[in-house]
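Enquirer: Please work out how this folds:
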Amino acid sequence: MKIAEQYQLIIVLLFSTTLLKPIDLNGQGFEGSVIWSITDPKSNNESFILGTLHIMDTSQISIPLHEIESLIQKCKVYCMEVDVNNSTMSFQQPIDPSFYFVKDTKINILNSLDQDYRNKLFEIVKSFKMGPGLEIRRKLYLFKPQTLTFLLILEKQLSASDNISNLNFQPDTYFEKYAKTAQLDIDTLESRQSQLEWVFQPDLSFDEGMIQLRSAIDQYDVKTEDLWLSYANQNLHGFSSSAQGEWMAQRNVNMARKLERLISTNSTFITVGIAHLVGENGLLNLLSLKGFIIEPVRIDIHLNYKTQ
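Expert: You can find the predicted model right below:
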């Protein structure tokens, strides 16, 4: 697999759980579960939305698959955030390299950072555990600063727990396969292309991207929450979409608009990155404002490692 294709796979699967921080939900009451029931008071259709970590380590975190499958069986449609397996979104299809890489390597990250920042960046990338880390180290000069910023934040979040190492399970894809076996219709909320445009901000200037990168380097050693622990505790306070600003809020507005049409006509099981559920501009609040009845569905999630 080529390096650009590796980045595409990692990015599409994982980026909705990055840039997260604890927040106050302002008394909205959406807390204590990663699965929520959504009832349309007009049609009485009941749908369900599951907030996921798009890739999980099943040797360290256990989720009750059968309980979730029983909820899928109650629905007519399975709707996922983005379908990375759809033939129309094949990773063999080329994506404009300008999403990731600078056009003119004469102006690049390495010659735009002072020595202290360069040294710290080299040490950070040297420690990368995820994805094509070696290729990243070899080709730093090719990256747009916002691309590398995203990869730094992603690596930091995934490395928050030393116990998580085998990212072997993709809940969204697993449940999609189950839904197909159960003969549900399949739908998606976003395309791979639109996700890449959201996260990589193609209109951002190089200088603006460098401001983001320096900030990410400065913040890299600041302790972050163990996302896996927050997920196992079903603690939505551990996740925040507001940290991602207007671009995340607009994505949620677009998703809520599509979901409103979908769940008004069909019972639907929805999977999205858990960051999309949280906060004033999260899907739970947006759907509640549209008149849907939102209630938690209780399940047990367990960590297989001890935390301090």
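Enquirer: where along the stretch 101-250 of the chain do the strands fall?
Expert: Taking DSSP state E, counting those that start in this stretch as the test, the strands found in the stretch 101-250 of the chain are 185-188.
Enquirer: show me where it has helices.
Expert: Assigned helices in the stretch 101-250 of the chain, in chain order: 109-112, 115-126, 133-138, 145-158, 171-181, 192-200, 206-219, 227-232, 245-265 (criterion: DSSP state H, counting those that start in this stretch).
Enquirer: buried ones in the second one?
Expert: When neighbours are counted by 16 or more other CB atoms under 10 Å, the buried residues of helix 115-126 are found to be Tyr117, Arg118, Lys120, Leu121, Ile124, Val125. Glycine gets a C-beta too; all of them are placed from N, C-alpha and C.
Enquirer: winner for burial among the helices of the stretch 101-250 of the chain?
Expert: helix 145-158 (a mean of 22; mean count of other CB atoms under 10 Å).
Enquirer: what about Ile293, how many neighbours?
Expert: 13 (other CB atoms under 10 Å).
Enquirer: Could you double-check that it sits in contact with Ile38?
Expert: Yes: using CB atoms under 8 Å, Ile293 makes contact with Ile38 at a distance of 7.3 Å.
Enquirer: what pLDDT, on average, does stretch 215-227 get?
Expert: Per-residue pLDDT over stretch 215-227 has a mean of 82.
Enquirer: my bad, should have said stretch 197-212
Expert: Mean predicted lDDT for stretch 197-212 stands at 83.
Enquirer: Ends of it, what's the gap?
Expert: Length of stretch 197-212, first residue to last, CA to CA, to the nearest Å: 17 Å.
Enquirer: what about Tyr220, distance to His237?
Expert: Distance of Tyr220 to His237, computed by CB to CB, to the nearest Å: 23 Å.
Enquirer: Tell me where the stretch 151-300 of the chain is predicted with low confidence.
Expert: 224-225, 240-245 (pLDDT under 70).
Enquirer: Closest to Val82 out of the buried residues of helix 115-126?
Expert: Val125 (27.0 Å; CB to CB).
Enquirer: so the closest one makes contact with Leu140?
Expert: Yes: at 6.9 Å, Val125 counts as touching Leu140 under the criterion of CB under 8 Å.
Enquirer: okay, and the common contacts of the two?
Expert: With contacts taken as CB atoms under 8 Å, 6 or more residues apart in numbering, Val125 and Leu140 have no neighbour in common.
Enquirer: export stretch 70-80 as CSV, just CAs?
Expert: Output of stretch 70-80 as CSV, limited to C-alpha atoms (Å, rounded to 0.1, in the frame of the first residue of the first chain):
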residue,chain,number,x,y,z
SER,A,70,-30.1,-6.8,19.1
LEU,A,71,-30.7,-3.1,18.7
ILE,A,72,-29.6,-3.3,15.0
GLN,A,73,-32.2,-6.0,14.5
LYS,A,74,-34.9,-3.6,15.5
CYS,A,75,-34.0,-1.2,12.7
LYS,A,76,-34.6,-1.0,8.9
VAL,A,77,-31.5,1.1,8.0
TYR,A,78,-27.9,1.1,9.2
CYS,A,79,-26.2,4.5,8.8
MET,A,80,-22.5,5.0,9.3
